[in-house]
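Q: With the input below, show me the fold.
(chains A and B)
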2 protein chains.
Amino acid sequence: MYEVELKVRTDHEPVRERLAELDADPQGLVEQVDTYYDHPIRDFAETDEALRIRRETYEDEESARVTYKGPLVEEASKTREEWETGVDDGETMADILDELGFAPAATVEKIRERFECDGYTVTLDTVAGLGEYVEVETESEAIDPAREGAIELLHELGLDPDEQVRTSYLGLLLDADA
Amino acid sequence: MYEVELKVRTDHEPVRERLAELDADPQGLVEQVDTYYDHPIRDFAETDEALRIRRETYEDEESARVTYKGPLVEEASKTREEWETGVDDGETMADILDELGFAPAATVEKIRERFECDGYTVTLDTVAGLGEYVEVETESEAIDPAREGAIELLHELGLDPDEQVRTSYLGLLLDADA
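A: From the prediction side, this is the model:
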């Protein structure tokens, strides 16, 4: 299963109006705090991998999960293979990674407002230190049709797929620091 | 918090009788399949650490957790610091470790029959390829009194603390293979 995801930097308000016109289904607000880790011997910036612990708050419920993202398999749509599982205790998982020689590299904090629309998830992200973004995302075994549908949906939302931001929030924050 | 644990190799039947006489509280049967991992650059046999995914079946419920055990802090009682958290999906956690360069090193399968007795957990272990063992275990911030209590309880169960097996099941299985 591949994750297909397109992201643009844009003010949320006009997009929220278009989503209402398209009868998109609101999924509520989620707060996410992501900690990204350095591998003890691999340079993830070089190998284009990522290891993350995500702590999430949704309707006052806290949860955590650990995610590994492999290198890009398709550059245009930022498609990569991803493994993710929930963990009971995010702090303990962080301690285990620490003991194994993984070091926290960066933290990304954001508030996400999600909508379901035509088989895609549309997310209005407000990212600490970066501002407002919109993501269109789906999971599929077939990359090309999924990507074409995502581009079409961006158009319907009044957004320009050519303004796609290929850099992750993590990458944008690290660039801003540099 | 430290784990204090003493283990002897012995037939279960006489111990089960002593546990009944001591009014120990039966906790049921658990089946555990443990996969131990090699670190990509550390030799855990040298550093005396362990990383494990445990898949457990208890009353038809399956669960999984990931555990890191640090080096021994006290040789006599095999005391070490331990971090553990439940994970929703043991297979995915295994995939993530695999992608990060951890390799499965060995598997330990056992059936455990647990009793609570005077603040200690007494476990009758039947280990695939090794046979029957009894473990007396507790968690404590104070190692010495916890260890003395465990020795006393072993005596009450008709067992000889001098016959303590300090090698883990993993170590015993690796020795048997060697």
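Q: Return the residues in contact with residue A:159.
A: Residue A:159 is in contact with A:8, A:10, A:15, A:134, counting by C-beta atoms under 8 Å, 6 or more residues apart in numbering or on different chains. The C-beta positions use only the backbone N, C-alpha and C, and glycine is treated the same way.
Q: Cross the residues you listed against helices and list the overlap.
A: Among these, the members falling in helices (DSSP state H) are residue A:15.
Q: Can you name the residues of chain A sitting close to chain B?
A: Neighbours of chain B within chain A, by C-beta under 8 Å from any C-beta of the partner chain: A:39-42, A:49, A:51, A:65-68, A:70, A:83-89, A:92-93, A:95-96, A:99-101.
Q: what does the average pLDDT come to for stretch A:165-176?
A: Averaging pLDDT along stretch A:165-176 yields 88.
Q: Buried residues, that stretch. List them.
A: Using 16 or more other C-beta atoms under 10 Å in any protein chain shown as the test for burial, stretch A:165-176 gives A:165, A:168, A:169, A:170, A:172, A:173, A:174.
Q: that older thread, just the residues of chain A next to chain B: which are in strands?
A: Using DSSP state E, the members of the residues of chain A next to chain B that fall within strands are A:51, A:65, A:66, A:67, A:68, A:70, A:83, A:84, A:85, A:86, A:87.
Q: partners of the third one in the sheet?
A: Beta-bridge pairing of residue A:66, defined through DSSP bridges, involves residue A:53, residue A:85.
Q: burial of it, as a residue count?
A: Number of residues near residue A:66 (other C-beta atoms under 10 Å in any protein chain shown) recorded here: 25.
Q: how distant is the least confident helix or strand in chain A by mean pLDDT from the center of its chain?
A: Ranking every helix and strand in chain A by mean pLDDT, DSSP states H and E puts helix A:169-177 at the bottom, with a mean of 86. With C-alpha atoms, centre = their mean, to the nearest Å as the basis, helix A:169-177 stands 14 Å off its chain's centre.
Q: Tell me the helices and strands packed up against the host helix or strand of residue A:111.
A: Following DSSP states H and E, one finds residue A:111 within strand A:103-117. Other helices and strands packing on strand A:103-117, by 3 or more C-beta pairs under 8 Å, 6 or more residues apart in numbering or on different chains; DSSP states H and E, are helix A:12-21, strand A:25-38, strand A:120-127, helix A:169-177.
Q: Tell me which of those is the most buried.
A: strand A:120-127 (a mean of 20; mean count of other C-beta atoms under 10 Å in any protein chain shown).
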